[in-house]
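Asks: Return atomic coordinates for the entry below.
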Amino acid sequence: MGIPPAGGIFGRSGHSWSGPYGLPLDMAVPSVKLWMGHSCSLIGMVSSVAQEAWHLIVTGVSTITGVLPMRLAYSSNAYMKFSLEETVRRIAALGFEGLELLADVPHAWPAGLLPERKEAIRRCLAEAGLAISNVNGFMMNAVADPRQPYWHPSWIEPDPHYRAIRREHTKRALRLAADLGAPSIQTEPGGPLEPGGSWQKAAALFYEELMPCVQLAEELGVSLLIEPEPELLVETFEQYLEIAGRVDSPALGLNFDIGHAYCVGQPPEQWVARLAEHTRHYHVEDIAATRWHAHLIPGQGAIDLPAVFREIVRSDYQGWVTVELYPYIDDPDTAGRQAKRYLDGLIGANSGE
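Replies: Residues are numbered from 1 along each chain as shown. Here you go, the predicted model:
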C-alpha cells in the first residue's frame, strides 16, 4: 500500500509551524511579539548572535538554518495528583521545553474551561517558559466509564449518543488547542472492537464520526492525530494508513507512539522513515521484553531506543517528542528526570553534539 502524503499547510514540508506559545516562525527579529502581547525591541541592545539566540528561545526556530529542532516535552498525564499550575512548575524545573496538555480532569477538561481559565493556563505556561507540544484528547477520565476510563466512550460505541460524547469532546479539544496555540491534538484510534465485530464496519463508523472533527481541524489549522494503540481498532501502522487514506486530509496525521509499535510487533525504528510524511508528534516510553503494554521509563525496557532515535534524526523530524509516563503518578518527577537524562544523551549523540 502506498503512503498518502500528509503535507500541505499541516506538513513539515510546508514549514508552516508554530513556535512556543503559538508564534509564527517567520516572525521578525529584532522586534519579537511575545505571546502575552508584549513587544520586546532588541534594536541596538544586543548583537546579531544574541538576536539569533533570542529568536531560537522564543520561536524555537533558527533564523540561520530555518530548522525547528527536535525538542523534548513531558505529558501532564503523569501528574494527575497535581494541579495544572503545580504540574507546569515541576515539568519546567526538570528542564523540559514543553508540556503535553491533558484535555481531561484534573488539568484541562475542555467542557469546563471558561475563558478566564484558559487565560490563566496561558499565563502559567508563559511564566514557566513552557510551550505546549500537543493536547492529549485521548483520555476521558471525566466521563468515568467503569469499563476503562481511557477508552470509553469510544468512536465506535454501539450507542450513537454515547459515541457522540467522544466526537464532541474532540471538537472541544481542537478548539482548546487553537485557543492555546498548540499545534495538534491526538485522539483514540477508534476504540475497542466488540467481540465478533467486523473491523471494516467499525472502521467505517470511525470514519463517519471522525470526519466532522477533521473538517474542524482544517478550519482551525490544528492537526488531528491518530495514535495507534494495542487492543484498539487501529493497532498497527498499516491500519492507520488505511484510515488516513480514506480521510485524505492534510489535517490528519500520526501520533507515532514508539512503545505501542513495539507492543504490536512492529519495530519502531523500521517505520520511522516510512511514516515520516505522516508523523507530526512522537510519544516515547519503554516497554518490557514481554511486549506487555505498560509504559516504562526510557532506557529501562527492551526497545532499541538508540536505533529509533538514529532513524528519527535521519528522517529530519523537526518537532516534539513527548515523554508519556502516566503509570508513574506517585513519583512523576523522578521518572521524568531519569527519562530526560537518558533521552538527552540519545539526541545529543545522534545530533553529533
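
Asks: drop to CA atoms for contacts and neighbour counts, all remaining ones
Replies: OK.

Asks: mind checking the end-to-end distance for stretch 290-297?
Replies: End-to-end distance of stretch 290-297 (CA to CA, to the nearest Å): 15 Å.

Asks: So for that stretch, what gets flagged as buried?
Replies: Across stretch 290-297, burial judged by 16 or more other CA atoms under 10 Å covers 291, 293-297.

Asks: do stretch 232-239 as well
Replies: 232-237.

Asks: Find the helix or strand that Gly265 is a member of.
Replies: Gly265 is part of no helix or strand when elements are defined by DSSP states H and E.

Asks: which non-adjacent residue is nearest it?
Replies: Arg291 (7.9 Å; CA to CA, 6 or more residues apart in numbering).

Asks: For that neighbour, which residues are in contact?
Replies: 262-265 (CA atoms under 8 Å, 6 or more residues apart in numbering).

Asks: Would you map the helices across this protein?
Replies: 48-59, 84-93, 115-128, 160-180, 199-220, 237-247, 258-263, 305-314, 332-350 (DSSP state H).

Asks: Just send the ones you listed back as CSV, with mean pLDDT and distance to Thr322 too.
Replies: Formatted as CSV, the helices of the chain follow (pLDDT from 0 to 100; distance: least, CA to CA, whole Å):
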stretch, mean pLDDT, distance to Thr322
helix 48-59, 39, 18
helix 84-93, 98, 12
helix 115-128, 97, 16
helix 160-180, 98, 16
helix 199-220, 98, 21
helix 237-247, 98, 19
helix 258-263, 98, 11
helix 305-314, 96, 13
helix 332-350, 94, 10
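
Asks: deepest of the ones you listed, which one?
Replies: Per residue and on average, the most neighbours among the helices of the chain fall to helix 258-263, with a mean of 25 (mean count of other CA atoms under 10 Å).

Asks: For it, list the C-alpha coordinates in CSV.
Replies: Extracted C-alpha coordinates of helix 258-263, given in CSV (Å, rounded to 0.1, in the frame of the first residue of the first chain):
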residue,chain,number,x,y,z
ILE,A,258,7.2,4.2,20.0
GLY,A,259,6.1,1.9,22.7
HIS,A,260,2.8,1.0,21.1
ALA,A,261,4.6,0.0,17.9
TYR,A,262,6.9,-2.3,19.9
CYS,A,263,3.9,-3.9,21.7
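
Asks: and that helix, what does it pack onto?
Replies: strand 279-284 (3 or more CA pairs under 8 Å, 6 or more residues apart in numbering; DSSP states H and E).

Asks: which outside residues touch the strand it packs on?
Replies: Under CA under 8 Å, 6+ apart, the answer for strand 279-284 is 11-12, 134, 184, 223, 225, 253-259, 298, 319-324.

Asks: Tell me the strands beside it, with direction?
Replies: strand 252-257 (parallel), strand 320-323 (parallel) (DSSP bridges).

Asks: can you tell which of those strands is closest to Gly129?
Replies: Across those, Gly129 has its closest neighbour in strand 320-323 (15.6 Å, CA to CA).

Asks: Show me the contact partners of that closest one.
Replies: 70-75, 99-100, 133, 281-285, 336, 339.

Asks: Let's see that with 10 Å instead.
Replies: By CA atoms under 10 Å, 6 or more residues apart in numbering, the residues outside strand 320-323 that reach it are 68-76, 78, 96-100, 132-134, 183, 255-257, 280-286, 297-298, 335-336, 339-340, 343.

Asks: List the residues that contact the nearest residue to Thr87 once chain neighbours are set aside.
Replies: The spatially closest residue to Thr87, leaving aside those adjacent along the chain, is Tyr79, at 6.2 Å (CA to CA, 6+ apart). Tyr79 sits next to 86-88, 90-91, 102, 106-107, 325-333 when contact means CA under 10 Å, 6+ apart.

Asks: What pLDDT is listed against Tyr79?
Replies: Looking at Tyr79, its pLDDT stands at 98.

Asks: List buried residues within the contacts of strand 320-323.
Replies: Buried, going by 16+ other CA under 10 Å: 68-76, 78, 96-100, 132-134, 183, 255-257, 280-286, 297-298, 335-336, 339-340, 343, out of the contacts of strand 320-323.

Asks: quick one on the thing from earlier: ok, the contacts of Arg291 vs Pro195, which is closest?
Replies: For these, the nearest to Pro195 is Val264 (19.1 Å; CA to CA).

Asks: which residues does the closest one contact?
Replies: 228-231, 235-237, 291-293.

Asks: do you know how far it is from His161?
Replies: 31 Å.

Asks: Taking the centroid of this protein, which residue is nearest it?
Replies: By CA atoms, centre = their mean, the chain has its centre lying nearest to Asn134, at 3.6 Å.

Asks: Just to check, that one is in contact with Leu101?
Replies: Yes - using CA atoms under 10 Å, Asn134 is in contact with Leu101, at 6.4 Å.

Asks: Pull up the overlap in contacts between the two.
Replies: 75, 177, 182, 185.

Asks: Those residues: which two are farthest apart?
Replies: Ser75 and Ala177 (14.8 Å).

Asks: What number of residues are in the vicinity of Val222?
Replies: 23 (other CA atoms under 10 Å).

Asks: Hmm, it is touching Arg175, no?
Replies: Yes - with contacts defined as CA under 10 Å, Val222 counts as touching Arg175 at a distance of 8.6 Å.
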